[in-house]
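Engineer: Fold the following, please.
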Amino acid sequence: MMEDGFSGSKLFSQGYSYTYDDVIFLPHYIDFPTDAVSLSTHLSRNVSLSIPCVASPMDTVSEAHMAASMAALGGIAIVHSNCTSSQQASIIRSAKSLRLPIAPSVAFASPEDSLPAASYGKYVFVTSSGGLPSKLLGYVSTSECDNPKGKEVKIFDCMRDCKNVEYAPWNYDLEKIEAILEEKKSDFLVLERDGEVVNVLIKEDVERLKGYPKLGAGTVGSDGEWMVGAAIGTRESDKERLEHLVKAGANLVVLDSSQGNSIYQIEMIKYIKKTYPQLDVIGGNVVTISQAQNLIQGGVDGLRVGMGSGSICTTQEVCAVGRGQAAAVYKVSSIAAQHGVPIIADGGISNSGHIVKALVLGASTVMMGSFLAGSTEAPGAYEYKDGQRVKKYRGMGSLEAMTKGSDQRYLGDTAKLKIAQGVVGAVADKGSVLKFIPYTIQAVKQGFQDLGASSLPSAHELLRSGTLRLEVRTGAAQVEGGVHGLVSYEKKSF
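Structural biologist: Model prediction:
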C-alpha cells in the first residue's frame, strides 16, 4: 500500500525548523462524536486540568481576574513576577477569593485620586489601597458627580459613605448573588473576605456572566479554592519571594527564564524540591532534547517549551538563538514523554488550529499570551487607537517591562547595558475569556475528531506510532488553506 505523507519522526529529522503554519496533519478515521473528545490533561506531574489552556506569566496577561477566570474554565494562569513579592502574593490571594470570576465593569481609586483620572464606568469605588483586595471607604456615582472642565475634583470630596452598601461573602454563587440584588433592589453588591473587599458586581455584570457558556467545576485545589500558579526567577532573592507565594497559596511555580538550561535554574529546582517537596516545579524555557534532559535530571515536574516564537518576542532576531515552535514541541516531548514529564507549548498560538498542532505534536498544554491579551480579564484599561478598542500588550523582554524587573528573566539584571528581546504593542478587544475560550476548545475538539483522536494520549500515540501522517505546506498551500480570493469578508469564529 502506498504511503501518504510522512511520520513525525521522519518529518522532524530533516534539519528544518518548522513552525505550526509550516506543517499540516492528514485526516484519519472517525468512529466517535465530537462530544466524546476529552481534553483533560496534566500541567505537571501532580496538577491536572480539564482543558489544556494556560495563561502566560506576563504583566499584561495574568493577574487576579485572569487567574480566577482561567481556573473557572478548567485551565490555569501563572501570575507574573514583574512586581514585588508582596504584590504578587496579593494577586494570588485575590484570585483565590474571586469565586465568581467576573471582571467588574466599575473602577477603583484611592482617596487621593482625582476624578478625571478615575472616572470611567458607572461607579468608582474608593478603597484604602486604590485597588483590590482592600478596605472599602466609599463610592462615587459618576453620573451624579459634577466635574467642571478644567477643575480638579478630589474623589474623596464626592464620595458617598458605605451605610447603604449591600455586602455578601466572597464564596456566594451566582444564584445567591442574583437573589440578593433582586431582594434588596440594589444596583451593585460588594463581596468581601476577612474584612476586605475582593470584588464588586453590578447587575449588568451578573447578566453578562449568565450569557456566557456554562462553567464546569473548574481547577480547584484540595482547599476548595481556585488553583493558581506563580512565576519566579532563579536569584537568591527569589527564595524569599517563593516563601511569600507559598504562604499566599500558590499551587505550583514556574521558573521564568528565556533560556532555562542553566546552573542557576538547576540549583533552584533542587532547592525548591528540597524545601517544598509538595510543590510542583515547571522548568524552562527549552527547545532541545539536551536542554530538556538537564532539567529533567534536575527534578522538574513539567517543562515549558519555546524560544522566540511569541508575537512580541524578538529573541530569534536579536540573539540568533531559538527554534521553530512545531519542531521544538515535537523534539522536547519525545524525551519528556519517556520520563513522564508533561510539556507546555509556550508561544506561537494565534488560532485553534495552532492549539491542535501543539497538543498533537506532544504538548500536554498550551501557554498563551497574545491569544488572551486584550480580553476583559487582562490587566490594563482599554484605549482607542484608529477607532479600534485595544489594550496594551508587551513582551517581558521589552525595555518597558525590563525597567520593572523582568530583565532577570533574560539573565540581564546585572548587565550594564540592557538589550531588548521584545516589543510593546496593542491587541484588539476580544471580550471575555469566559466566552471565547469555550468556543476555542470546541474547535480544538473538532480538530481532534478529524484526526481520529478522542484524547491527548490517543493523539500522542497516533503520532508516535506513525499512524498519523504529516506534510509540509508550501507558501501557496498556506495561502490556499486560509481565506482567499475575496474582495472583502467578515471573519467570525463563533
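Engineer: The stretch 201-350 of the chain: helices as residue ranges?
Structural biologist: Ranges of helices in the stretch 201-350 of the chain, per DSSP state H, counting those that start in this stretch, are 203-210, 237-248, 263-275, 289-298, 315-319, 325-336.
Engineer: Tell me which of those helices sits most buried.
Structural biologist: Greatest average neighbour count among these goes to helix 325-336 (a mean of 26), per mean count of other CB atoms under 10 Å. (Each C-beta comes from the backbone N, C-alpha and C, glycine too.)
Engineer: That one packs against which elements?
Structural biologist: Under the contact criterion of 3 or more CB pairs under 8 Å, 6 or more residues apart in numbering; DSSP states H and E, helix 325-336 touches helix 289-298, strand 302-305, strand 343-346, helix 352-360.
Engineer: so which of those comes closest to Leu43?
Structural biologist: Counting by CB to CB, Leu43 lies closest to strand 302-305 out of the helices and strands packed on helix 325-336; the figure is 6.2 Å.
Engineer: Can I get that closest one in PDB, CA atoms only?
Structural biologist: Written as PDB, here are the backbone C-alpha positions of strand 302-305 (Å, rounded to 0.1, in the frame of the first residue of the first chain):
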ATOM      1  CA  GLY A 302       7.000  19.900  33.900                       C
ATOM      2  CA  LEU A 303       8.700  21.700  31.100                       C
ATOM      3  CA  ARG A 304       7.900  24.900  29.200                       C
ATOM      4  CA  VAL A 305       8.900  24.800  25.600                       C
END
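Engineer: about what we covered before: among the helices of the stretch 201-350 of the chain, which comes closest to Gly431?
Structural biologist: With CB to CB as the yardstick, what comes closest out of those is helix 203-210 (9.8 Å).
Engineer: Dump the C-alpha coordinates for that closest one into CSV.
Structural biologist: C-alpha atoms of helix 203-210 as CSV (Å, rounded to 0.1, in the frame of the first residue of the first chain):
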residue,chain,number,x,y,z
LYS,A,203,-26.4,43.9,37.8
GLU,A,204,-25.0,44.3,34.3
ASP,A,205,-22.0,42.1,35.2
VAL,A,206,-24.3,39.3,36.5
GLU,A,207,-26.4,39.4,33.3
ARG,A,208,-23.2,39.3,31.2
LEU,A,209,-22.0,36.2,33.0
LYS,A,210,-25.3,34.4,32.6
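Engineer: Report the beta-bridge partners for the most centrally placed residue in the chain.
Structural biologist: Nearest to the mean C-alpha position of the chain, counting by CA atoms, centre = their mean, stands Ala55 at 1.1 Å. Per DSSP bridges, the residues bridged to Ala55 are Ala77, Met368.
Engineer: which residues touch Val54?
Structural biologist: Applying CB atoms under 8 Å, 6 or more residues apart in numbering, we find Val54 in contact with Leu43, Met70, Gly75, Ile76, Ala77, Ile78, Gly229, Ile344, Thr365, Val366, Met367, Met368.
Engineer: Closest one of these to Leu456?
Structural biologist: Leu456 lies nearest to Thr365 out of the contacts of Val54, by CB to CB, at 9.3 Å.
Engineer: tell me the pLDDT at that closest one?
Structural biologist: As predicted, Thr365 sits at a pLDDT of 98.
Engineer: worst average pLDDT in the helices of the stretch 201-350 of the chain?
Structural biologist: Mean pLDDT is lowest for helix 315-319 out of those, coming in at a mean of 80.
Engineer: From the contact counts, what lies against that helix?
Structural biologist: By 3+ CB pairs under 8 Å, 6+ apart, helix 315-319 packs against no helix or strand.
Engineer: Quick one: low-confidence residue ranges for the protein.
Structural biologist: Confidence mapping of the chain against pLDDT under 70 gives the ranges 1, 115-121, 144-151, 395-423, 493-494.
Engineer: for it, what's the longest helix?
Structural biologist: Ranked by residue count and defined by DSSP state H, the top helix of the chain is helix 433-451.
Engineer: now the angle from the next helix or strand after that helix to helix 433-451?
Structural biologist: Scanning forward in sequence from helix 433-451 by DSSP states H and E, the next helix or strand is helix 456-464. For helix 456-464 against helix 433-451, the angle by axes from the mean of the first three to the mean of the last three CA atoms, to 10 degrees is 40 degrees.
Engineer: Tell me which residues of helix 456-464 come out buried.
Structural biologist: Leu456, Ser458, Ala459, His460, Leu462, Leu463, Arg464 (16 or more other CB atoms under 10 Å).
Engineer: From Ile343, how far off is the third one?
Structural biologist: The one in question is Ala459. In this view, Ala459 and Ile343 are 14 Å apart by CB to CB, to the nearest Å.
Engineer: end-to-end on stretch 339-346?
Structural biologist: With CA to CA, to the nearest Å as the measure, the first residue of stretch 339-346 is 20 Å from its last.
Engineer: ok but Gly425 is inside a helix, no?
Structural biologist: No: the assignment for Gly425, made by DSSP: H, G, I helix; E, B strand; the rest coil, is strand rather than a helix.
Engineer: List the contacts of Ser50.
Structural biologist: Ser50 sits in contact with Leu39, Ser40, Gly74, Gly75, Gly216, Ala217, Gly218, Thr219, where contact means CB under 8 Å, 6+ apart.
Engineer: Most neighbours among these, which one?
Structural biologist: Gly75 (27 neighbours; other CB atoms under 10 Å).
Engineer: rewinding a little: Gln14: which of the buried residues of helix 456-464 is nearest?
Structural biologist: The shortest approach to Gln14 among those belongs to Leu463, at 16.5 Å (CB to CB).
Engineer: residue contacts, that closest one?
Structural biologist: Counting by CB under 8 Å, 6+ apart, the residues that Leu463 touches are Gly8, Val360, Leu361, Gly362.
Engineer: what about Ser237, distance to Thr84?
Structural biologist: In terms of CB to CB, Ser237 sits 11 Å off from Thr84.
Engineer: before we move on, what about Ile76?
Structural biologist: For Ile76 relative to Thr84 (CB to CB), the value is 23 Å.
Engineer: And Ser90, by the same measure?
Structural biologist: From Ser90 to Thr84 the distance is 9 Å (CB to CB).
Engineer: who's more crowded, those two?
Structural biologist: Taking neighbours as other CB under 10 Å, Ser90 and Thr84 compare with Ser90 leading, 22 against 13.
Engineer: name the element that one belongs to?
Structural biologist: When elements are assigned from DSSP H and E, Ser90 belongs to helix 85-97.
Engineer: elements contacting the helix or strand just after that helix?
Structural biologist: Next helix or strand after helix 85-97 toward the C-terminus (DSSP H and E): strand 107-109. Applying 3+ CB pairs under 8 Å, 6+ apart, we find strand 107-109 packed against helix 115-118, strand 123-127.
Engineer: The last one: how far from the chain's middle?
Structural biologist: This means strand 123-127. Distance of strand 123-127 from its chain centroid, counting by CA atoms, centre = their mean, to the nearest Å, is 27 Å.
Engineer: Which other helices and strands does it contact?
Structural biologist: strand 107-109, strand 136-141, helix 155-158, strand 196-202.
Engineer: That one pairs with which strands, parallel or anti?
Structural biologist: strand 107-109 (parallel), strand 136-141 (antiparallel).
Engineer: so which of the ones you listed comes closest to Gly302?
Structural biologist: Comparing the strands paired with strand 123-127 under CB to CB, the one sitting nearest is strand 107-109, at 34.7 Å.
Engineer: Okay, angle between the helix holding Ser90 and helix 237-248 too, please.
Structural biologist: Using the same axes, to 10 degrees: helix 85-97 against helix 237-248 is 30 degrees.
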